[in-house]
Each structure stands twice: as C-alpha cells, then as structure tokens.
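> Return a 3D structure for these sequence lines:
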Amino acid sequence: MLTVKYDIYKNTILKIFNRISRSSLICLSVSLTIMAAFFIVQSCIVFGWCKPSYNLALFGYACVILFTPPFFVFISEFIKSINKNEYDLLEKVMTKNTYLEHAAKILRHDMHSGINTYLPRGVRGLERRLNEETIKNMKLESPLKLIKEGLEHSQTVYKGIFEFTNLVREDSTLTLERIDLKDLLEGYLKRTSYSDQVLIEDLPEIEVNPPLFCTAIDNLIRNGLKYNDSQTKVVQIRMLDENTIGIQDNGRGMSSEQFKELSKPYTRRQDQKESGTGLGLNICIAILKEHNFTISCEKLPMGTLLKLGINNERNN
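Coordinates of the predicted model:
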C-alpha cells in the first residue's frame, strides 16, 4: 500500500552496490558459485544419487576453503560502501539542515517587520483617512474586513512558524499559556471557510502554546474533511473522558496501523488521489508530542476517532 519506504530502501541498496568495484563483484560471484557446487554435491549425497567418498569429502573441504577469501573481499568492500553511503547521507542532511536554518531565519526575522509592523500601520493609517461615509459610498466594508482578517490570520501563522522553528535551538522550551481550548479553537477557526463543519463541545482549560496547538488540531480537522466522501462532512471535537480529547470525523476511516505508517515523513497512501506532501501529519504529531500529548487512532464504521491524552502532571 505504501511505496515510499520501499523506494528509499531500493535506491539506497542500488547506491551501495554501484560503489562496489567490479573485482569485488567477481569475488562474490566466484564464492557463490563455489558454494552452489558444494550444495549440489551435498544434495546428491543426501538423496542417494552418489555415494559418500574420500574425494567428495575433500571436494567439500576445498569448497569451504576456496569460498572464504573471495567472500571476505566482497564483504570488506561492501562494509566500506555502506560507511561511505552513511557519510554521504549525513553530509546531505547537514547541507539541507543549513538551508532549513536559513529559511527559518528568514521567516523568524525578515518577515517580522512586514507582518507585525508595516502592514498593521498601513491598515490603521487607511482607516484613519477613510471616514464611514466614504467607506460606505465606495463599498469598502468587505475589502477592509478581508484585509484585516487576512492580516490577523498571517500574524497567527507567523506566530506558529516562529514557535515551531524555535524548537530547533538547543535547550528550547515551548512558551505555554493556560487557556480554554474551546475558546482558542473557535477563535482560530472563525477565519476559515470550514468553521461551520466543525462542532466543538466544552473542552478543558490547560497549558498549551496557542499558535502551535491550533496548527496541529487544524491539520487533523482538515484531514478529516479532505479525506472524506460524505455528502455532509463533519468533524466533532469533544471530551471522551476527563483526560482524553476526541477528534472524530465521518470520512473514509483510518486504522491504527495506517495512522502509524502515515505519521512518518513523506509517506502517503499509494491510492491517494488528493494532493499533499506527506509531511502535515508528521509535523502535527511532533507538535502534540512537544506538548506531552499522547495520540492514538481508532477506525470507526464511518470515519476516524483520534484520541489525544492530556498530560496531567503539567496541567494539574
């Protein structure tokens, strides 16, 4: 069902074998041929096609002795090739990590002034220069509302990015705030186009990082609506018990095994028709784990139930 892991393993093995010299591959072929001859002779003796003799025993010892040197030559170079492949992978990861750190710096610092300073000043200046009569005559109510809501949404997303990229620093900790989760999620979702498809019951007041928590839950909500063939798509968020938050949808359903596999980065279902990168669920779970939530999945007759276990030590 899932092909990403298979492709990664296949490409890795091919790279390792491509680094092995022709002479070592010949040694492998020779050693395997010798062992094949040995097993053929042994089979003939076992099945009674030929009788045991001194010459056959001598042939068997010779096969074992002749097999060993070329096989060890191949194994030695094979191990060296694996080590070289690991080094190359590590170097590639370090290079990519440098790119990601630079991208995080741009998002954290260079975008801050535009989103949190210049744009808000521009909106406030525009509002001061436009009186109510001018706004009404020029029919600017809706455009101004969209600009302000778009800016507010961008600032919320920026906060989430800032907090998430902050986690790559050593000894970093989440900035937590004790907040009512229902109020938090309703405030976040009211700016989305799918807020009327999400039903939120009473939720507890606990310590979370508001932008990151909303980002994680929003991903689970959008998955429940996206991978859903029902005519009326719905996601319900409620308390299953005093320590467990339930997020239930009426979509296609996902088993615990599928959830575990799809939680890995860049992993998607082979028959999945919807677009995506295979990273959303992985990032979502990483955020929830940073909050010390536990997360499990249960497939329902119609849909999926995700269970978020609350960390009692932090929230007592």
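> contacts, neighbours, all on C-alpha from now
Noted.
> Kindly export stretch 141-159 (C-alpha atoms) in CSV.
Output of stretch 141-159 as CSV, limited to C-alpha atoms (Å, rounded to 0.1, in the frame of the first residue of the first chain):
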residue,chain,number,x,y,z
GLU,A,141,-16.6,47.4,4.1
SER,A,142,-15.9,44.0,2.7
PRO,A,143,-12.4,44.7,1.3
LEU,A,144,-11.3,46.3,4.5
LYS,A,145,-12.7,43.4,6.5
LEU,A,146,-10.9,40.8,4.3
ILE,A,147,-7.6,42.8,4.6
LYS,A,148,-7.8,42.9,8.4
GLU,A,149,-8.8,39.2,8.7
GLY,A,150,-6.1,38.2,6.3
LEU,A,151,-3.5,40.2,8.3
GLU,A,152,-4.7,38.7,11.6
HIS,A,153,-4.5,35.2,10.0
SER,A,154,-1.0,35.9,8.7
GLN,A,155,0.1,37.0,12.1
THR,A,156,-1.3,33.9,13.7
VAL,A,157,0.5,31.7,11.1
TYR,A,158,3.7,33.7,11.7
LYS,A,159,3.5,33.1,15.5
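> Which residue ranges of the chain form helices?
4-19, 22-46, 54-105, 112-113, 119-129, 132-137, 141-166, 181-189, 210-226, 256-262, 280-290, 312-315 (DSSP state H).
> how is this protein carved up into domains?
According to automatic domain parsing, the chain comprises the domains 4-109, 111-166, 177-315.
> how long is the shortest one end to end?
Looking back up the chat, that one is domain 111-166. 15 Å (CA to CA, to the nearest Å).
> try stretch 160-179
Start and end residues of stretch 160-179 are separated by 16 Å (CA to CA).
> Name the residues that touch it?
104, 107-108, 205-212, 215, 287, 290-291 (CA atoms under 8 Å, 6 or more residues apart in numbering).
> List buried residues within those.
The neighbour-count test (16 or more other CA atoms under 10 Å) marks 104, 108, 206-212, 215, 287, 290-291 as buried among the contacts of stretch 160-179.
> about what we covered before: check the helices of the chain for me: which has the lowest mean pLDDT.
For the helices of the chain, mean pLDDT drops lowest on helix 4-19, to a mean of 57.
> quick one on the thing from earlier: tabulate the helices of the chain in CSV, adding columns for distance to residue 199.
Conversion of the helices of the chain to CSV gives the following (distance: least, CA to CA, whole Å):
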stretch, distance to residue 199
helix 4-19, 35
helix 22-46, 63
helix 54-105, 34
helix 112-113, 33
helix 119-129, 32
helix 132-137, 35
helix 141-166, 21
helix 181-189, 9
helix 210-226, 11
helix 256-262, 23
helix 280-290, 20
helix 312-315, 24
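> Nearest to residue 248, out of those helices?
Evaluated over these, closeness to residue 248 peaks at helix 210-226, with 7.8 Å, by CA to CA.
> what about residue 184, how many residues close to it?
By other CA atoms under 10 Å, the residues close to residue 184 number 16.
> same thing with residue 304?
Around residue 304 there are 23 residues (other CA under 10 Å).
> mind listing what the residue nearest to it when sequence neighbours are not counted touches?
Residue nearest to residue 304 in three dimensions, not counting chain neighbours: residue 253, with 4.7 Å by CA to CA, 6 or more residues apart in numbering. Shown in contact with residue 253 (CA under 8 Å, 6+ apart): 299, 300, 301, 302, 303, 304.
> sorry, back to before: looking at the helices of the chain, which is nearest to residue 196?
Judged by CA to CA, the one of those that comes nearest to residue 196 is helix 181-189, at 8.9 Å.
> could you measure the closest residue in space to residue 189 that isn't next to it in sequence against residue 159, distance?
In this structure, residue 189 finds its nearest non-sequential neighbour in residue 195, 5.3 Å apart by CA to CA, 6+ apart. According to CA to CA, residue 195 stands 21 Å off from residue 159.
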